[in-house]
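[1] Fold the stuff below for me.
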Amino acid sequence: AASMSAPRPRRVLAGAALTAAAYLVFALHDACVKLLVADLPAVQVLFARSAVILACCVLADRRAPVRALRSPVRGALLGRGLVLLAAWLCYYSAARHLQLAELVTIYYASPLLVAALAVPLLGERVPWRRWAALAVGFAGVLLACRPGDLRQPGPIALDLLAAALWAYAVVLIRRFARQEPTLVQMLLAASVFLVACGAALPWLWRAPGGGQLGLLLLVGLLAAGG
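    Residues are numbered from 1 along each chain as shown. Just a heads-up that it's a prediction; the model follows:
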């Protein structure tokens, strides 16, 4: 409530700071994921990550599950969870084959896609200066894709698809932000991940070592914080 009543410039700066912090946390998250998917299936990593996020949501607010079940936009949030599930599965699968710097750079196509989707879906206006800055960034993404040397077209395509799906999910976050709090959105998305990945886990399970168990826990905590 305090942030909503604050002057708009202050709110924008706070939002930018939180976004920058989130990208920093997710950079650490991606490095841990890169280590894990070398030996463990992406579904297993995503299952453990979602279990930790779900536990964090319940510990933060025990009423969150009840509010999630009663949410008037529950169906839409579950649909957003499916979009996020597809995005993370594509991203984790690409992480097994691409170097971390390359993986993250290609994934940064998502801000341009967010800006493009925000115009028709949210009615937001994007000034030409922002389009120019995004175009420069997207040119860097194209260079990272190595258009003249596509030795790994499959992983690159998965990474770009993950960026597109993530961009759509970000637009949906903006749409539902004033209807449901962050914890409810996180809880419903994590529930979708847990059920979907849990259904496939009996056929894909690999016993993690002690160090991998610690990394799985850390990935979940970083994802929840991010």
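
[2] quick one: the spatially most central residue of the chain from residue 173, how far?
    Central residue of the chain (C-alpha atoms, centre = their mean): residue 166, 6.0 Å from the mean position. Counting by C-beta to C-beta, to the nearest Å, the gap from residue 166 to residue 173 is 10 Å. Backbone N, C-alpha and C define where each C-beta goes, glycine included.

[3] One more: residue 55?
    Residue 55 is 21 Å from residue 173, by C-beta to C-beta.

[4] Equivalent analysis for residue 121, please.
    12 Å.

[5] One more: residue 122?
    For residue 122, the distance to residue 173 (C-beta to C-beta) stands at 11 Å.

[6] what's the answer for residue 80, then?
    Relative to residue 173, and taking C-beta to C-beta, residue 80 is found at 8 Å.

[7] Comparing the two, which residue is more hemmed in?
    residue 80 (23 against 15; other C-beta atoms under 10 Å).

[8] Just checking, which helix or strand succeeds the longest helix belonging to the chain along the chain?
    Assignment by DSSP state H gives helix 8-36 as the longest helix of the chain. Beyond helix 8-36 on the C-terminal side, the first helix or strand identified by DSSP states H and E is helix 42-60.

[9] which other residues reach that following helix?
    With contacts defined as C-beta atoms under 8 Å, 6 or more residues apart in numbering, helix 42-60 is touched by 33, 36-37, 64-65, 85, 88-89, 92-93, 95-96, 183, 186-187, 190-191, 193-194, 197-198, 200-201, 204-206, 208, 216-217, 219-221, 223-224.

[10] Please, a PyMOL command that selects the buried ones among those?
    To isolate the buried members of those in PyMOL, using 16 or more other C-beta atoms under 10 Å:
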select buried, resi 33+36+37+64+65+85+88+89+92+93+95+96+183+186+187+190+191+193+194+197+201+208+216+219+220+221+223+224
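
[11] Filter the contacts of helix 42-60 down to the ones in helices?
    Checking the contacts of helix 42-60 against DSSP H, those in helices are 33, 36, 64-65, 85, 88-89, 92-93, 95, 183, 186-187, 190-191, 193-194, 197-198, 200-201, 204, 216-217, 219-221, 223-224.

[12] Any regions of this structure where pLDDT drops low?
    Scanning the chain for pLDDT under 70 picks out 1-7, 144-151, 177.

[13] how about 80 then?
    1-9, 71-74, 99-112, 114-126, 134, 137-138, 140-153, 172-181 (pLDDT under 80).

[14] Now do the shared contacts for residue 80 and residue 173.
    By C-beta under 8 Å, 6+ apart, the residues touching both residue 80 and residue 173 are residue 185.

[15] and the gap between the closest residue to residue 225 other than its chain neighbours and residue 196?
    Spatial nearest neighbour of residue 225, excluding adjacent residues (C-beta to C-beta, 6 or more residues apart in numbering): residue 25 at 5.3 Å. As for residue 25, its distance to residue 196 is 24 Å (criterion: C-beta to C-beta).

[16] Please say which of those two ends up with more neighbours.
    residue 196 (19 against 16).

[17] can you pull the contacts of the closest residue to that one other than its chain neighbours?
    If you skip the residues right next to it in sequence, residue 196 has residue 85 as its closest partner in space, 5.7 Å away by C-beta to C-beta, 6+ apart. For residue 85, the contact set (C-beta under 8 Å, 6+ apart) comprises 46, 189, 192-193, 196-197.
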